[in-house]
Each structure stands twice: as structure tokens, then as C-alpha cells.
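Engineer: Any chance you can model this:
(3 chains)
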Amino acid sequence: MKNNIYDKYLVEEKMPTMWCPGCGNGIVLQSIIRAIDEMDLDPEKIVFVSGIGCSSRAVNYLKFDCMHTNHGRAIAFATGIKMANPELKVIVLTGDGDCASIGGNHLIHACRRNIDLTVICMNNSNYGMTGGQYSPTTPLNSFTKTSVYGSYEPPFDLCDLTKSAGATYVARCATYLPVQMKDIIKKALNHHGLSFVDCASDCPSLYGRLNRLGDAGEMMLRWKDRLVSVTQSQKMSEEELKDKVIWGEFVNKSDRMEYTDIYKENIRRAKEAAHE
Amino acid sequence: MTMGSYRIMTGNEACARAAIASGMRFFAGYPITPATEIAELCSELLPKEDGVYMQMEDELASIGAIIGASATGKKAMTATSGPGFSLMQENLGWAYINEIPLVIVDVMRKGPSGGSATLPAQADIMQTKWGTHGDFRALVLTPNSVEEIYTETVRAFNLAEKFRQPVILLYDAVLAHMSEKIYVPDKDEIEVIDRAKPASKEGYNPFRYSDSSVQPLGHFGEGYNIHMSGLTHDETGFPVSNQDTTGLEILIHHLFDKIDDHYDDEIKKYEAYLCDDADVLVVSIGITSRSAKSAVKKARAMGIKAGLFRPITMWPFPHKDLSRYDIHTKAIVTAEMNNGQLNQVVIEDIDRNQKLVMKNLYDGNQIRDIDILNSIIEANKYEK
Amino acid sequence: MKLKVVIDRKMCKGCGICVVLCPKKILKIDEEGKASVTERQECIGCRQCEFHCPDFAILMGDDDGQL
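Structural biologist: Below is the predicted model of the structure:
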């Protein structure tokens, strides 16, 4: 592995990763480093922050400033980093359990503030690290270690959630579309405000096995018929969209001030008041 | 020659002003009685100093944000009360294992749970020592006046910066809200310690476990390529394998050694009032120690040789120093606004020939000097 | 010169994603449980296998397999 982007951004001696064969997390991580490389960002000005779970182990392989925090808390730590030095690009690597369950409050409040963080959720519809229990994004009626008769908990659509909470860039992609995923991540990294990318991903060892979805290859091919772009979806009925996963941009706007900019305004007002 | 000024202020105001004088430029918190005034004043004063005030969504986020800010180079603090401190314990553990300088103020109110928000207590003595899972050494300071809140806040930041770890400032709701005349020192009169800078970026490791000195902290965004993890890690910050048990032990040793090896010279602090010839020693902290001092004076006027031992560094507790005095005493009185926490600390220092008299009050009222005096009189009756 | 697939066997975990995605069907999981190329000259350099590899085990190299 010489003279290539893996060598440039990944810690060789920590390889291979601890992820199971076919785990989508590696595909998401690859898309992220390709996005950073194509954008020619200064690696010294990037900080990765993660929580707990399979997704969050991604920071163990990155040659960047990295903070592997507590379960659900990555966004809170990242908020402190960004506010302490707004020049830094702060990227949160998280999973569906980490950001939508235990860290759900931090996620919606970061969206409300519209603080310039890029939150990348590796969404594999279950808790992988603890052995495959249902998460807040597990589809209804699917099988996990804690929903052996089929899941009875209605799932979150994380794009709807972050959009409603005020994120100014919201998109979804899937590991089946890694090039598109890289392009979406580039846009998210370029966005000034809270950007959220939901990366639909597979957990072949647990979710896949428990739901008899075949091996990693078969699970990958299943996406082909399930993915529908935002544009395509607008022409489809609710019935036709059943069991489909819509990918693409849901929100991309700049009509709200970003939080570190708002705070600079607060400093200006405070100093003005001091002079009066 | 003093250049500062005398001012009247509350304990919470003194805390906020001292923090800013110590260079604190990042406050994240969540409103809670009786600590809220610290946040209020920080929200007003920090923006004028280009500092950050953030009102977070909860206490877990508050301490998370200040950890992130401290790792990015800001002196950072949060202020809360017992219920908020309970919530902060999770991320506090992360700060211990990653040796992040922080100051956390716990203004004690009556618990457990919501308890009585506006009533004072001293029942977080043990929570601040043991508050988070795993092994670690807590640093807790317990001032007993508004002026001492000022000076101990400065010391809290200095200890945090020097020993790279969270420091907890612990005082009760009475001190938080009472107004006193204090000397506010001029900027040049305050000794402010800033964290050491790493000598080089080349081959920098964020941790050092080879001896009890702390590794200077490189900051995010400055090219150190820092890895920090809440998992048990080696000096590189990367998690160590669970198979390598020596690797798992070395980190814990360091968290204890860096405090213990410097305790006598740089960390411990206490007040010993009339302790040298005391037959009865009162041990007390915070607002109660002021009633205790008054009781000691009254006892002396009655001819009882009483003394007051008051830890200002509450944790680690100055056991050696208390032992030096209590070896001559026949009895010890603990006075505290809880159902028995200090007494459990002191009991380690007394032998079977000595009597322990406990004065506890946990109804939200302060302990009066007369009540402590009665305990001293009772203790004095005991024949060794 | 067209770049063609190279497998880093150290990194490969044999998940088989590259095998199902290859449009020329020239990848297989071999007896050691690793991905290998059957007819390298057939590779069209579409990089589907590379981008979908979760283990950073696939790269594009020249005719001699040099990266």
C-alpha cells in the first residue's frame, strides 16, 4: 500500500480493520477519505469525532486529529471543538444507535443551532457492536436479537428528523453507490452549517444473517432495486415507494445563519454594549 | 502594595470572576439552582473577552463541550449542582482517562434526586470523590468563604492545567448566595499557570506513562495528529488490546501517581486552627466550618482545648496531616450538612481509644455554632 | 495505459462484494478465502470493485500489477 490515498490517510499498522467481512462502514470510510482528498483539504485542520459503536471505531484508522468519545456524545464534544476554533473542519462519525438513540438530543440541538459540523451516520439498522439488537432505524417487523418475533418499534427516518430539527444540508446515500456517496460527502463538507449524511449500510454478520438476507454480496445487490433517487421518487406513489430507500439531497439551503457566525455577532453586540 | 480592590459579591459571582481572571474563555452549562448565577455572569462577561458561553441541551452536553474546547486549547469550565453532576459523571470519566484540564463547579443542594433545590447541603462529598465508574484520582477543593471561592477557583484552574485533569470546586448553596466583602486582586497579583506546550510535533504522543509527570497537551488543529479515546489506550492514545494486561494497568497507575507524587508539595491545603494542643478536634468544610470555628472559640473561652481541622483540598484528603494533630486528641467531632460522609473519612484516622462524635444536619438548615459547641462539650467528657 | 485491478491479499477479508459487482466476472473468492483475479487482461478498469471494497484491499495498477 504505497503512494495511494489509503497510505496517505489511513494508519497502516492498525489495518486490517476490526469490522466483519462485508461491513459497510469501510465503504463509508473510503468515501470520506476520497472526498477529503479530492477537495484537497488541509488534514491538519480536520478533526474527526466519534462516539461508541462499530461506526465510531472508524477514527482508529485515521491519520487526523481524532477524538473517540462516549456513546452518543460525539456531537457535544464536536460542538466544543468547533466553538473553540471555528477554523477547524469538524467531522462527526456516528451510527444509528449512537446519534439517533442515546445521542438523539445532541443531534437535534446541533441541527437547531445549525453549527458547522458534518455528521456522517453509518446507518446499518442495528446495534452491531453489542451483537445485533434493534435500533431506532430498524425497519418494522425485521428480526434482531431483541426483536425475535419481528421489530414492533416504529423507526426514525433520520433525514426527516434532521430536516425538521433545522439542519441546512441533509442527504442520504447508500454503500451501493460509493461514488455518489463521496460526492454527497464533498457537498456536506463544503456546506457552511450543520450537514447530515445518512449512509445506508449493511451489517451482513448480524442484521443480514438474522433476516436471512444472504451474504455480503447478495445484500449489496439487494440495494439495486430498493434505491430510488429523490427526483425519481417525486414521480412515484406512496404504494410504489413502499420498501424503497430514497437517496439524494433533501435539504441544501443557506437561508439560516451558521452558529459560529451568530456567536461572532453576539461578541460584537457584547463589545458594543460595553462601549455604551 | 495591593493594586486590587475590595468588593461585595456573592460566592457564585466570585467564582465566575475568578475563572475569567484565570484565563477561562469557554463556559458551557445548563441552568440549575443554586449554580445558575455562574452561567448568567459568564454569558454576560465572556463575549466581551472573545470567550464562548454556550447553554447546552443538558449536562452531558455541557461537559462534552468543555472537554472538546479544552482539547482545542481553551481553559474551560462548567457549573452545576448535585443532580447535574450526576449526569456529568459519564463524560467526566472520559476527561479523567484522557487527562483533560477542566474545572467543574458543584454547588451543593439538598438531595437525593431533585431534593430541595433552594436548600443547602454538603452531601456531594462522596459523589465528587467517586463520581464515575472505574479507577481514578479526583481533585476536589472546598472553600469556606466568598473570598476563598475566588482564590480556590484560581487554584482549581492552576491545578487542572498543571496536572492535566478535571478539578472540582465544591461548595454549598449558602456560600453560593451569600454576599461578603472580598479582596479582588489585580490581574498582576494573580498567579496564573498555563498548561505546558509540547516540545515538538515530531513523533508526539498525547500521553506519557513512564513517570508521574504529565505529558504536555498538544491541541487539535495544530498539527500534532492527536488520537484520544475513552477506551484504555497506550501513550499513542490508540486503544490497547484487552490481551495486554500490563498495558491496561499502566494507565491507571499514572492517573494515581501524577496526583499522589505531587500531593504534599503542590496539591494539599488545609486550615489547622488551634489544633496543636487540642483535646477535641472538629473536622468540617464549607459553610459549616465557619460555625465550627465559632464553636471552637466559644469552647476555648470555656476552657476546653478545642481545635478546627478544615480540609481545603478535600480530595485527596490530607490524612497524614490530620493524623499529626489527632494523635494527641481524645475525640473528634465531624460537623456536616448530610447524614455522614466526612465522618467516614475521619474514621480512618482515629484509633479505638478516641471517640468520634457526629454532628449531622440534613433538613436544609445550617448547623449553628451552639450545636457544634454542644458536640464539643459532649466529646470533651470522654476520657481516653 | 489502462489501469487494472490489483488485490491486496493482506487486507482482503473475502466478503465477496467485488465478486458480485464485477461486470466482467473476473473476480472470485479463492481456496484461501481471499478475492483473486481470474483473467486480469479482461479488466476494464471500471473501479466498481475498488470503490465498494470495505477493506481497502483493491487498487488499480499497471499491466504488471504495480500500483
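Engineer: Residue B:53 should be in a strand, yeah?
Structural biologist: Yes: secondary structure of residue B:53 (DSSP: H, G, I helix; E, B strand; the rest coil): part of a strand.
Engineer: What about the closest residue to residue C:58 other than its chain neighbours, how many residues nearby?
Structural biologist: Excluding its sequence neighbours, the residue lying closest to residue C:58 (C-beta to C-beta, 6 or more residues apart in numbering or on different chains) is residue C:50, at 4.5 Å. (C-beta placed from N, C-alpha, C; glycine too.) Neighbours of residue C:50 under the rule other C-beta atoms under 10 Å in any protein chain shown: 19.
Engineer: try residue C:51
Structural biologist: By other C-beta under 10 Å, the residues close to residue C:51 number 20.
Engineer: got the contact list for it?
Structural biologist: By C-beta atoms under 8 Å, 6 or more residues apart in numbering or on different chains, the contact set of residue C:51 is A:27, A:30, A:31, A:34, A:178, A:179, A:182.
Engineer: one more time with 7 Å, if that's ok
Structural biologist: A:30, A:178, A:179 (C-beta atoms under 7 Å, 6 or more residues apart in numbering or on different chains).
Engineer: For residue 53, which residues are in contact?
Structural biologist: Picking chain A for this. A:95, A:97, A:98, A:128, A:129.
Engineer: Can you look at chain C instead?
Structural biologist: Residues near residue C:53 by C-beta under 7 Å, 6+ apart: C:17, C:18.
Engineer: Please repeat the previous calculation with a cut-off of 10 Å.
Structural biologist: By C-beta atoms under 10 Å, 6 or more residues apart in numbering or on different chains, the residues touching residue C:53 are A:26-27, A:30, A:178, C:7-8, C:11-13, C:15, C:17-18, C:21, C:35, C:47, C:59.
Engineer: how about the nearest residue to residue A:252 once chain neighbours are set aside, phi and psi?
Structural biologist: Excluding its sequence neighbours, the residue lying closest to residue A:252 (C-beta to C-beta, 6+ apart) is residue A:169, at 5.4 Å. Main-chain torsions, residue A:169, degrees, to the nearest 10: phi -140, psi 120.
Engineer: With residue C:48 instead?
Structural biologist: In terms of degrees, to the nearest 10, the main-chain angles of residue C:48 are phi -60, psi -40.
Engineer: Surely it and residue A:27 touch.
Structural biologist: No: look at residue C:48 against residue A:27 with C-beta atoms under 10 Å: they stay out of range, at 11.7 Å.
Engineer: Any figure for the gap between the closest residue to chain B within the stretch 101-250 of chain A and residue A:264?
Structural biologist: Proximity of the stretch 101-250 of chain A to chain B (C-beta to the nearest C-beta) peaks at residue A:109, 4.2 Å away. Counting by C-beta to C-beta, to the nearest Å, the separation of residue A:109 from residue A:264 is 20 Å.
Engineer: still on that earlier bit, nearest to residue A:14 among the contacts of residue C:51?
Structural biologist: Top of the list for closeness to residue A:14, among the contacts of residue C:51 and by C-beta to C-beta, is residue A:30 at 15.1 Å.
Engineer: How about the secondary structure of that closest one?
Structural biologist: helix.
Engineer: Now do the contacts for it.
Structural biologist: Here residue A:30 is in contact with A:5-6, A:9-10, A:175, A:178, A:181-182, C:50-56 (C-beta under 10 Å, 6+ apart).
Engineer: Among these, which ones are in strands?
Structural biologist: Nothing among these maps onto strands, per DSSP state E.
Engineer: Quick check: which of those residues has the minimum pLDDT.
Structural biologist: Ranked by pLDDT, the contacts of residue A:30 bottom out at residue A:5 (90).
Engineer: Enumerate every residue touching it.
Structural biologist: A:30, A:33, A:34, A:36, A:37, A:38, C:56, C:59.
Engineer: try 8 Å this time
Structural biologist: Residues in contact with residue A:5 (C-beta under 8 Å, 6+ apart) are A:33, A:34, A:37.
Engineer: I'd guessed the first one sits against residue A:9; true?
Structural biologist: Yes: Residue A:33 is in contact with residue A:9 according to C-beta atoms under 8 Å; the separation is 4.4 Å.
Engineer: which neighbours do these two share?
Structural biologist: Listed as contacting both residue A:33 and residue A:9 by C-beta under 8 Å, 6+ apart are residue A:62.
Engineer: With adjacent residues omitted, what lies nearest to residue B:96?
Structural biologist: That would be residue B:136: by C-beta to C-beta, 6+ apart, it lies 4.2 Å from residue B:96.
Engineer: and the one you found, what does it touch?
Structural biologist: B:93, B:96, B:97, B:252, B:255, B:256.
Engineer: do the same with residue C:28
Structural biologist: Contacts of residue C:28 were listed using C-beta under 8 Å, 6+ apart, and they are C:19, C:35, C:36, C:38.
Engineer: What is the burial count for the residue nearest to residue A:252?
Structural biologist: Neighbour tally, residue A:169, other C-beta under 10 Å: 27.
Engineer: what does residue A:219 give?
Structural biologist: Counted with other C-beta under 10 Å, residue A:219 comes out at 25.
Engineer: How about the contacts made by the residue nearest to it when sequence neighbours are not counted?
Structural biologist: Leaving aside its sequence neighbours, residue A:219 sits nearest to residue A:202 (C-beta to C-beta, 6+ apart; 4.6 Å). By C-beta under 8 Å, 6+ apart, residue A:202 lies in contact with A:22, A:23, A:24, A:124, A:175, A:208, A:216, A:219, A:220.
Engineer: Selection in PyMOL covering whichever of the residues you listed are buried, please.
Structural biologist: A single PyMOL command suffices to select whichever of the contacts of residue A:202 are buried according to 16 or more other C-beta atoms under 10 Å in any protein chain shown:
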select buried, chain A and resi 22+23+24+124+175+208+216+219+220
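Engineer: Just send the contacts of residue A:202 back as CSV, with secondary structure too.
Structural biologist: As requested, the contacts of residue A:202 are exported to CSV (three-state DSSP):
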residue, secondary structure
A:22, coil
A:23, coil
A:24, coil
A:124, coil
A:175, coil
A:208, helix
A:216, helix
A:219, helix
A:220, helix
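Engineer: Residue B:77 belongs to a strand, doesn't it?
Structural biologist: Yes: the assignment for residue B:77 by three-state DSSP puts it in a strand.
Engineer: Tell me the bridge partners for the nearest residue to it once chain neighbours are set aside.
Structural biologist: Of all residues not flanking residue B:77 in the chain, residue B:103 sits nearest, at 4.1 Å (C-beta to C-beta, 6+ apart). Assessed by DSSP bridges, residue B:103 has beta-bridge partners residue B:77, residue B:167.
Engineer: On the pLDDT front, check the closest residue to residue B:72 other than its chain neighbours for me.
Structural biologist: In space, and not counting its chain neighbours, residue B:72 is closest to residue A:84: 3.7 Å by C-beta to C-beta, 6+ apart. Looking at residue A:84, its pLDDT reads 98.
Engineer: Appreciated, that's everything.
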